[in-house]
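Q: after the sequence you'll find the predicted model.
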Amino acid sequence: MPLVVDGTNITQLLAEGIERIYVEDSGGRTLVFGAAAVTRLLSQGNINGHGWVSVTPTWGQVEVGATVRVTAYPNDMWRLGFLRWNGNNLANGSTFTMPNSDVVITANFEADGIQIHYNVIGYDDLSPESYGWPTVAYTGDWITFLAPYIQGQSPSKVYIDGNELDPSYGNQGGTVYEFHISDDRDYYVTVIYGDIDYFPDDSYHRYEGYYTTGSMGLSWEIGLTHSSVGPWQVSDDRILEHLMEYSVPAQGSFSGMGGHFTIVSARAESSSSMGDIIFFMMKDDSGNFHEQEFDFWTIWNSVTHYESIN
């Protein structure tokens, strides 16, 4: 005897090759007859923190052959760079047909304005994002940010594009700085805590070197200001003495300890047991900081280039 629901001959339709039949009964319920639906996983991949993505019908298990709509929502002052499913470009708000395989949605959001870059020297745990420092602006905006007190101390210096920036005022949480976005270009802000040597004016001695041993490779560059280490003639002993007094900006890379690291600063120490040691502060790919020590004279003997920049 054929199965009939609200006038629909289910048995006949299945016999004709229709895999699944959806019937709404008199009570408003949707009944499904036929083979079980095949589903695949729809999930989020790399979607950065400047927006979010929604899908219909849902994240999770989606029926093969279903129409999936994907919509990206950028945060204020950000725009959508790309939207993709399994690497295939997708227009915002458009659809694709769910294939018989898992699907990963990725999206990238770009700054819709002028980017502001911050570099904090002397206190590695300060995250500009956690204090809400503005990172995107438009021409004509005034930027205000609060530099918190660290161990009761305000920043010793703040520079914007190499020019020293005076504080606007202080409050219980820290020191407030303000500057004007006058040009359509990126801005670079350096916030310094403590007695740290810094050269914002392109007037310094630059030393470059490369040192390798075993599986480790170190490519490094440091700069020392003219005023700190002397006008032109600088001895190795004076450089070592200076590095014992200050941490100085440095750059380069280090491959070792099972990873790859970016150098951000250098300093030195001397002890009766270890001799003269140079320490490079490095950041790994996850943004974590590590300090690696080397014999100072071994590293200094690896200098491959010296330049005095006025």
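A: Structure received. None of these values were measured; they are calculated from a predicted model. Numbers count the residues shown, from 1 in each chain.
Q: mind listing the helices for the stretch 101-250 of the chain?
A: Under the criterion DSSP state H, counting those that start in this stretch, the stretch 101-250 of the chain contains helices at 226-229, 236-245.
Q: out of these, which is closest to N88?
A: helix 236-245 (52.3 Å; CB to CB). For every residue, glycine as well, the C-beta is placed using N, CA and C.
Q: so which elements touch that closest one?
A: helix 226-229, strand 259-271, helix 296-300 (3 or more CB pairs under 8 Å, 6 or more residues apart in numbering; DSSP states H and E).
Q: list the buried ones in it?
A: Neighbour counts over helix 236-245 (16 or more other CB atoms under 10 Å) mark 239-240, 242-243 as buried.
Q: burial of S272, as a residue count?
A: 5 (other CB atoms under 10 Å).
Q: least trustworthy helix or strand in this structure by mean pLDDT?
A: Within the chain, no helix or strand scores below helix 226-229, which has a mean of 51 by mean pLDDT, DSSP states H and E.
Q: and the pLDDT at E19?
A: The score at E19 is 62. That number is its pLDDT.
Q: try the one 5 residues further on
A: Reading off the per-residue confidence, E24 sits at a pLDDT of 66.
Q: show the end-to-end separation of stretch 139-159, please.
A: 19 Å (CA to CA, to the nearest Å).
Q: returning to what we had before: including distance to S265, could the helices of the stretch 101-250 of the chain go into TSV?
A: Formatted as TSV, those follow (distance: least, CB to CB, whole Å):
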stretch	distance to S265
helix 226-229	15
helix 236-245	10
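Q: ranking these by mean pLDDT, which is last?
A: Minimum mean pLDDT among the helices of the stretch 101-250 of the chain: helix 226-229, a mean of 51.
Q: any weak-confidence spans in the stretch 1-150 of the chain?
A: For the stretch 1-150 of the chain, applying pLDDT under 70 flags the ranges 1-37, 49, 124.
Q: switch to 80 and redo it
A: Within the stretch 1-150 of the chain, the segments meeting pLDDT under 80 span 1-38, 48-49, 76-77, 111-112, 121-126, 129.
Q: S271 against F296, yeah?
A: No - applying CB atoms under 8 Å as the test, S271 and F296 come out as separate, 11.5 Å apart.
Q: more neighbours: these two, which one.
A: Taking other CB under 10 Å, S271 and F296 do not tie; F296 has more neighbours (21 against 8).
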